[in-house]
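Student: Kindly generate the corresponding structure for this input.
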Amino acid sequence: MKFYNLAFQNITAMKKKIIWVFVMILLVGGGCKAGKKTTATIPEHLMEDHASGPYVFKAGAFYTYVFTDAPGYISDDKAIINKLLASKIPVKDIWFKQGSSSCVPPGSEMAMTVMVEPVFLVRLEKPSDEITGMGFKKTDEPGLGDCAYNVRRYTFK
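Tutor: The predicted structure follows:
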């Protein structure tokens with residue numbers, strides 16, 4: 001009888017270990033899946049030219065990012081987009097123009113030496129107080145400034 005109890009305890013302990021391993025696999029797998037989902041929410045950008053002709057923005061509430069660094073360059077616009085999405089800001093469109101120390105018009109091989117200020121413009125359907133606490137200010141006249149030949153546009157549905 002002692003042998004039977006000992007064998008039964010070993011089988012029960014083994015079942016518990018298998019269940020724990022299974023639960024851990026589910027937790028780790030679920031965590032990895034959640035990480036992939038957040039990066040997939042940023043759509044592919046389109047390149048637009050806002051300097052060759054007049055550009056008409058759709059109606060909405062517009063906010064520009066305030067670049068506090070001198071000279072105000074950012075290398076990863078997706079970091080700001082992820083910050084907006086994590087805060088559940090209902091973004092409709094984003095336009096991003098990288099800062100630069102030169103401007104090259106389309107079809108030209110010559111660069112004009114000028115300081116091109118970066119612009120990060122966000123369009124929402126309705127005004128939001130929450131976005132202003134994230135480094136943005138409301139603007140009534142949306143625009144991308146001078147040398148807006150290479151603008152990345154992200155459209156959200």
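Student: SS state for the spatially most central residue of the chain?
Tutor: Nearest to the mean C-alpha position of the chain, by CA atoms, centre = their mean, lies I81 at 2.6 Å. Assigned state for I81: helix (three-state reduction, DSSP: H, G, I helix; E, B strand; the rest coil).
Student: Apart from its neighbours in sequence, what residue is nearest it?
Tutor: Using CB to CB, 6 or more residues apart in numbering and skipping residues adjacent in sequence, the residue nearest I81 is I42, 5.4 Å away. From N, CA and C alone the C-beta is placed, and that goes for glycine too.
Student: what do you get for T155?
Tutor: Nearest non-adjacent residue to T155 (CB to CB, 6+ apart): D93, at 5.5 Å.
Student: ranges for the strands of the chain?
Tutor: With DSSP state E applied, the chain shows strands at 46-48, 61-65, 91-97, 100-103, 112-116, 119-124, 136-139, 151-155, listed in chain order.
Student: For V151, give the beta-bridge partners.
Tutor: V151 forms beta bridges with E48, as assigned by DSSP bridges.
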